[in-house]
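In: Have a look; sequence and predicted model below, questions after that.
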Amino acid sequence: MERHVIAKMSENFLTENRRILIACALLLLLTMQRHTAMFAIIFAVPVLIWLIYSIFVICAKPEKRKHQLIKVTIWLLTAFIILAVHWYRSESTRQSADDIVFSLKKYKAEHGVYPASLDVIGQDSQRLKKEFMLHYWLDDGKPTLLYSSVLHVFDKFDYDFQTNAWIFRPD
């Protein structure tokens, strides 16, 4: 294909899908930060209603099928990106927290007590607070370790050192 044909096709694509691209960009902007996946729920209901309408358009109106499939693909790709990013963040946050639990247990095995702070075991507690909203403290020698869910800022996970399990604490 010649360059001007490709450029024209690209221009047409952007013009025809401008509103949906702007909506998807705004959704990505709102929901790609840590602890903001909950905002995607606000958009989920209208998009699901629109997807049902799109199925009707795709099946009943062959002349609009191609354009509607492109729009559906854009929305599904946006949803996939949001889910993938938050899944990755959730997994990496839990892995970091599990590494800290391992270090805390190792320290206790070597010294007989849990450390007074995460800095003692080589962790930057200020960075962990900022990056993962992860907090650690001792209360009468008993450790408390918790972090905020990456999906919803008010939900927490805390580690039970008696059962060796993470406990979900919804708001």
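Out: Received the coordinates, thanks.
In: The helix or strand of the chain with the lowest mean pLDDT: what's the following helix or strand?
Out: Least confident helix or strand of the chain, by mean pLDDT, DSSP states H and E, is helix 3-16 with a mean of 62. Later in the chain than helix 3-16, the nearest helix or strand by DSSP states H and E is helix 18-31.
In: C-terminal to that next one, what's the next element?
Out: Following helix 18-31 toward the C-terminus (DSSP H and E): helix 38-60.
In: dump the residue contacts of residue 165.
Out: By Cβ atoms under 8 Å, 6 or more residues apart in numbering, the contact set of residue 165 is residue 159. Yep, even glycine has a C-beta here, placed from its N, CA and C like the rest.
In: wait, I meant residue 38
Out: Taking Cβ under 8 Å, 6+ apart as the test, what residue 38 contacts is 151-153.
In: Out of these, show me where the pLDDT dips lowest.
Out: pLDDT across those is lowest for residue 153, at 76.
In: burial count for the residue nearest to that residue when sequence neighbours are not counted?
Out: Take residue 153 and drop its neighbours on the chain: the residue closest to it by Cβ to Cβ, 6 or more residues apart in numbering is residue 35, 3.7 Å away. If you count neighbours by other Cβ atoms under 10 Å, residue 35 ends up with 17.
In: any idea how this structure splits into domains?
Out: 3-87, 92-169 (automatic domain parsing).
In: What secondary structure category should be reported for residue 113?
Out: coil (DSSP: H, G, I helix; E, B strand; the rest coil).
In: that older thread, and the domains of the chain, which one averages the lowest pLDDT?
Out: domain 3-87 (a mean of 85).
In: Could you give the separation of it from the chain centroid?
Out: 18 Å (Cα atoms, centre = their mean, to the nearest Å).
In: For stretch 87-100, buried residues please.
Out: 89, 93, 96-97, 100 (16 or more other Cβ atoms under 10 Å).
In: Dead centre of the protein: give me the residue that sits there.
Out: residue 86 (1.8 Å; Cα atoms, centre = their mean).
In: What residues does that one make contact with?
Out: Contacts of residue 86 (Cβ under 8 Å, 6+ apart): 31, 37, 150-151.
In: Tell me how many other residues surround residue 142.
Out: 10.
In: which two from the contacts of residue 86 end up farthest apart in space?
Out: 31 and 150 (11.4 Å; Cβ to Cβ).
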